[in-house]
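K.L.:
Next input, structure requested:
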Amino acid sequence: MVNSILIIADDLTLRHQLTTTLTISSLSTTTVSYGTMALHTLATSETDLVIIDQTSPTPRAKNTTADIIKKYPHIPIITVLPANTPLIALTSHDLEAQIALPISPEQLLTTVNSLIETKKATEILEIADLTVNSRTLDVVRQNQHIKLTPLEFKLLHYLLMNKGRIMTREMILHRIWQYSSDIETRVVDVYMGYLRKKVDKGFDKKLLHSVRSFGYVIKE
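P.N.:
So this is what the prediction gives:
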């Protein structure tokens, strides 16, 4: 199966560089601009990974990235940043990565292949009697289907990819909300409350736990 990569960029030079490198490596690419065209492509086509250009941050780039993260939490994202930008160290389980200009073909392909392999390895995550399928977006516990919002699903999936590890509010805020300037850390507590009501309420074994003064962890 040929992996399909969606490139979201207005810069024609960057588009050409990314497309050429990926095509030579037998990866299928589609290029679009920011906004509705990008979201339409994701809604109508099978996409394994998104590469989005943020070398010249614009509201359209920022909003498109936020929309993809909210609506398609199972699709890995590579963000292209300006030269000399400090990159955020993400955990090995994250479905996001950052690369800065200039991009070497080796760096690009290594990052793409790593994220696609991580995506495949984390499509079905389990803990105790809870199963989460990132391809179908199904959440099942004791044969009961649990309906989550996109943000709740992304939060649960993130915790499951790091099960047994304490995730601070700041880590969760960055991963789920991308540190939007109008979001406060207390929103993490609010959404964890929503998640607990759906995932833990009515079940004998609680899986979602708060760690006082630190954050949250999912464990048996």
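
K.L.:
For residue 109, what is the enclosing helix or strand?
P.N.:
Using DSSP states H and E, residue 109 sits within helix 105-121.

K.L.:
what does residue 187 give?
P.N.:
Here residue 187 is covered by helix 186-199, with elements defined by DSSP H and E.

K.L.:
Buried residues in that helix, which are they?
P.N.:
Across helix 186-199, burial judged by 16 or more other CB atoms under 10 Å covers 187-188, 191-192, 195-196, 198-199. No exception for glycine: its C-beta is placed from N, CA and C like everyone else's.

K.L.:
same check, this time on stretch 98-107
P.N.:
Residues of stretch 98-107 classed as buried: 98-100, 103 (neighbour count, 16+ other CB under 10 Å).

K.L.:
and what of stretch 14-22?
P.N.:
Applying a neighbour-count criterion of 16+ other CB under 10 Å, the buried positions in stretch 14-22 are 14-15, 17-19, 21-22.

K.L.:
again, but for stretch 153-164
P.N.:
Under the neighbour-count criterion of 16+ other CB under 10 Å, stretch 153-164 has 153-162 buried.

K.L.:
can you pull out the helices in this structure?
P.N.:
Assigned by DSSP state H, the helices in the chain fall at 12-24, 36-44, 59-71, 105-121, 150-161, 169-177, 186-199.

K.L.:
next one: the last one to chain centre, how far?
P.N.:
Centroid separation for helix 186-199 versus its chain: 19 Å, with CA atoms, centre = their mean, to the nearest Å.

K.L.:
how many degrees apart are that helix and helix 169-177 in direction?
P.N.:
Relative orientation of helix 186-199 versus helix 169-177 (axes from the mean of the first three to the mean of the last three CA atoms, to 10 degrees): 70 degrees.

K.L.:
What of the fourth one?
P.N.:
Here helix 105-121 points in a direction 90 degrees away from that of helix 169-177 (the same axes, to 10 degrees).
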